[in-house]
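>>> Show me the folded form of this:
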Amino acid sequence: MMAKFTNIGWTHVPGYQGGTWNPWEGCHPASEACANCYARALLKRWGKNPNTVRRTSRATFELPLHTYTPTAWFVNSMSDFLIEEADAWREEALEIMLTAHWHLYLILTKRIERWGEIISRWTREQDNVWFGVTAENQARWDERVPRLMQIPAAVHFVSVEPMLGPIYPAIVGAVPDWVLMGYESGPNRRPCDISTFKHLVGFFKINAVPVYVKQGSHLLPGQQGNLPDELWRVKQFPQGELPYKEN
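The predicted structure follows:
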């Protein structure tokens with residue numbers, strides 16, 4: 001499956017075009033957020049077993065090396081960067097990130113607990129690599145975000161999508177640099193109270209954490225759905241110097 005440029009809004013970091021890069025595909029559920037996984041549904045539609053983790057073609061695996069327009073890559077949109085079955089390929093993918101340094105790499109995982117055991121040489125902060133975790137409810141926030149904040153990264157971000165319940169972040173030591181937020185989409189989407197969503201956006205505003213609101217509750221992804229205009233308009237990116245700037 002070829003990686004390609006994408007309309008996923010949060011990958012359109014200022015100065016970059018947005019893209020997806022899948023050096024491998026296939027996954028298996030890690031937590032409650034996975035119940036209605038879009039990637040698993042797509043792989044089934046394409047006649048592939050979503051539980052089988054497979055390395056993609058050489059052209060796809062090496063795509064950043066041959067893409068010269070600076071791109072913010074959503075890494076492993078069809079898998080998880082830290083999934084166990086990809087241990088043999090991960091160092092090669094990391095080397096590509098170091099070599100194709102004109103890109104930005106957005107790594108989002110539900111397996112942050114594996115970071116320490118598998119990353120042997122990624123011991124310094126890389127300007128062009130941002131690390132994030134999914135935190136769909138309070139339990140997953142408490143489990144994953146403190147671990148995220150301990151690893152070296154230019155930007156730590158959290159995806160509260162799908163938001164499945166109220167979240168009350170700790171103010172000290174575990175507030176990330178950027179937060180993505182959204183309800184669940186699809187025919188089996190699960191509800192979440194709008195006041196809960198609004199409260200969390202307000203919390204991050206008070207604490208000067210940029211928020212990108214990705215979607216409301218809707219059949220299709222990336223739609224406003226049930227969100228009022230004042231929440232739907234919230235589409236912020238991290239502040240500060242970026243590795244690449246447009247002239």
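>>> Please identify the helix or strand for the residue sitting nearest the centre point of the chain.
When the chain is reduced to its mean C-alpha position, the nearest residue by C-alpha atoms, centre = their mean turns out to be Leu108, at 3.5 Å. Assigned by DSSP states H and E, Leu108 belongs to strand 104-109.
>>> thinking again about what came up before, Gly47 versus the residue nearest to the centre of the chain, what's the distance?
In this view, Leu108 and Gly47 are 26 Å apart by C-beta to C-beta, to the nearest Å. Bear in mind the C-beta positions are built from the backbone N, C-alpha and C, glycine included.
>>> could you measure the residue nearest to the centre of the chain against Arg58, distance?
When distance is defined by C-beta to C-beta, Leu108 is 24 Å away from Arg58.
>>> shouldn't Val29 be in contact with Ala39?
No, residue 29 isn't Val; it's Pro. No - contact criterion C-beta atoms under 8 Å: Pro29 and Ala39 do not qualify, at 11.1 Å.
>>> and the two? which has more neighbours close in?
Set side by side, Pro29 and Ala39 show more neighbours around Ala39, with 18 against 13, by other C-beta atoms under 10 Å.
>>> Before we go further, that one is sitting in a strand, right?
No - the assignment for Ala39, made by DSSP: H, G, I helix; E, B strand; the rest coil, is helix rather than a strand.
>>> can you pull the pLDDT of the residue lying closest to it once chain neighbours are set aside?
Distances taken as C-beta to C-beta, 6 or more residues apart in numbering put Met78 closest to Ala39, at 4.6 Å, once the chain neighbours are dropped. pLDDT recorded at Met78 is 96.
>>> Next one: Met78 from Gln126, what distance?
For Met78, the distance to Gln126 equals 23 Å [C-beta to C-beta].
>>> what does Leu180 give?
20 Å.
>>> Gly47 now?
Distance from Gly47 to Gln126, by C-beta to C-beta: 37 Å.
>>> Equivalent analysis for Glu25, please.
Taken as C-beta to C-beta, the span from Glu25 to Gln126 is 24 Å.
>>> which one of those two has more residues nearby?
Glu25 (23 against 17).
>>> mind checking which helix or strand the closest residue to that one other than its chain neighbours is in?
Closest residue to Glu25 apart from its sequence neighbours, by C-beta to C-beta, 6+ apart: Met78 at 4.1 Å. Using DSSP H and E, Met78 maps to neither a helix nor a strand.
>>> who touches Met78 in this structure?
Contacts of Met78 were listed using C-beta atoms under 8 Å, 6 or more residues apart in numbering, and they are 1, 20, 22, 25-27, 39, 42-43.
>>> From those, keep the buried residues only.
1, 20, 22, 25-27, 39, 43 (16 or more other C-beta atoms under 10 Å).
>>> mind putting these in a markdown table, pLDDT included?
A markdown table is the format used below for the buried ones among the contacts of Met78 (pLDDT from 0 to 100):
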| residue | pLDDT |
| --- | --- |
| Met1 | 40 |
| Thr20 | 96 |
| Asn22 | 97 |
| Glu25 | 97 |
| Gly26 | 97 |
| Cys27 | 96 |
| Ala39 | 89 |
| Leu43 | 92 |
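>>> Thanks again, I'm all set now.
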